[in-house]
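[1] Fold the stuff below for me.
(one chain, ligands or ions: 1)
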Amino acid sequence: MYIRRNKNVIVGDCPQLRYRSNDVTDISKFGEIIASLKSIVRDDDEVAGISAPQIGCYKKIIVVRNSYDTLGHWSRPLVMINPKLLFSPYKQDMATEGCLSLPGIWVPVLRCSKVTVDYLTGDGKQVVSEFEGMAARVIIHETDHLDGVLITDYLTDYQVEHG
Ligand SMILES: [Zn+2]
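    Residues are numbered from 1 along each chain as shown. Next up, the predicted model:
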């Protein structure tokens with residue numbers, strides 16, 4: 001089971017994780033939030049990504065790690081502001097996911113295995129980049145948080161009834 005090391009992260013399926021986040025209009029106001037998100041990801045090997053609503057900020061900011069660009073270069077924690085996802089062409093795969101906000105819960109989730117993301121970097125530069133595999137999965141998981149969606153929403157009725 002995942003042991004929660006960061007007190008600032010909202011844990012459990014609670015209303016605070018169900019709000020929808022808004023676009024960031026002035027990046028300069030969110031330096032502290034971005035720094036906190038980065039440090040949570042950087043300080044814990046088990047954390048592949050985090051979203052601003054998980055620390056109580058309802059703005060479209062995510063930080064992901066283990067992401068790579070189309071050339072296959074692994075990157076440091078990557079800040080994505082106002083991410084917009086384009087899913088094409090369709091190819092999906094299934095993998096089990098955990099969530100920093102839902103300790104001890106693992107859910108198999110079917111996701112697109114390739115995604116194009118249009119986002120702003122931490123210094124406000126607009127970037128369009130393509131991600132695949134694990135990186136795509138992490139980005140889609142974190143973007144779900146911006147819409148108040150949790151991995152448990154992907155459980156089927158059968159899985160809920162039969163544990
Ligand atoms: Zn999560």
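
[2] any idea whether the spatially most central residue of the chain is helix, strand or coil?
    The chain has Glu142 as the residue nearest its centroid, 1.6 Å off, counting by Cα atoms, centre = their mean. The three-state label given to Glu142 by DSSP: H, G, I helix; E, B strand; the rest coil is helix.

[3] list the contacts for it?
    By Cβ atoms under 8 Å, 6 or more residues apart in numbering, Glu142 lies in contact with 49-51, 62-64, 80. Placement of C-beta: from N, CA and C, glycine included.

[4] and these as JSON lines, adding pLDDT?
    Converted to JSON lines, these look like this (pLDDT from 0 to 100):
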{"residue": "Gly49", "pLDDT": "92"}
{"residue": "Ile50", "pLDDT": "95"}
{"residue": "Ser51", "pLDDT": "97"}
{"residue": "Ile62", "pLDDT": "98"}
{"residue": "Val63", "pLDDT": "95"}
{"residue": "Val64", "pLDDT": "92"}
{"residue": "Met80", "pLDDT": "97"}
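
[5] and which of those residues is nearest Asp13?
    Closest approach to Asp13 among the contacts of Glu142 (Cβ to Cβ): Ser51, at 15.1 Å.

[6] surely that closest one meets His145?
    Yes - using Cβ atoms under 8 Å, Ser51 is in contact with His145, at 3.7 Å.

[7] which neighbours do those two share?
    With Cβ under 8 Å, 6+ apart, Ser51 and His145 have common neighbours 21, 62.

[8] Low-confidence regions, the protein specifically.
    Across the chain, the ranges flagged by pLDDT under 70 are 1-7, 66-75, 157-163.

[9] Tell me which stretches of it form strands.
    49-51, 61-64, 78-86, 92-99, 102-112, 114-120, 126-132 (DSSP state E).

[10] The fifth one pairs with which strands?
    Spelled out, that is strand 102-112. strand 92-99 (antiparallel) (DSSP bridges).

[11] Please name the nearest non-neighbouring residue to the residue nearest to the centre of the chain.
    Nearest non-adjacent residue to Glu142, counting by Cβ to Cβ, 6 or more residues apart in numbering: Ile62, 3.9 Å away.

[12] And for Ile33?
    Cys57 (4.9 Å).

[13] which of the contacts of Glu142 sit farthest apart?
    Ile50 and Met80 (11.3 Å).

[14] What is the burial count for the closest residue to Arg137 other than its chain neighbours?
    Nearest residue to Arg137, sequence neighbours excluded (Cβ to Cβ, 6+ apart): Arg111, at 5.3 Å. Residues contacting Arg111 under the criterion other Cβ atoms under 10 Å number 20.

[15] Fine by me, we can end here.
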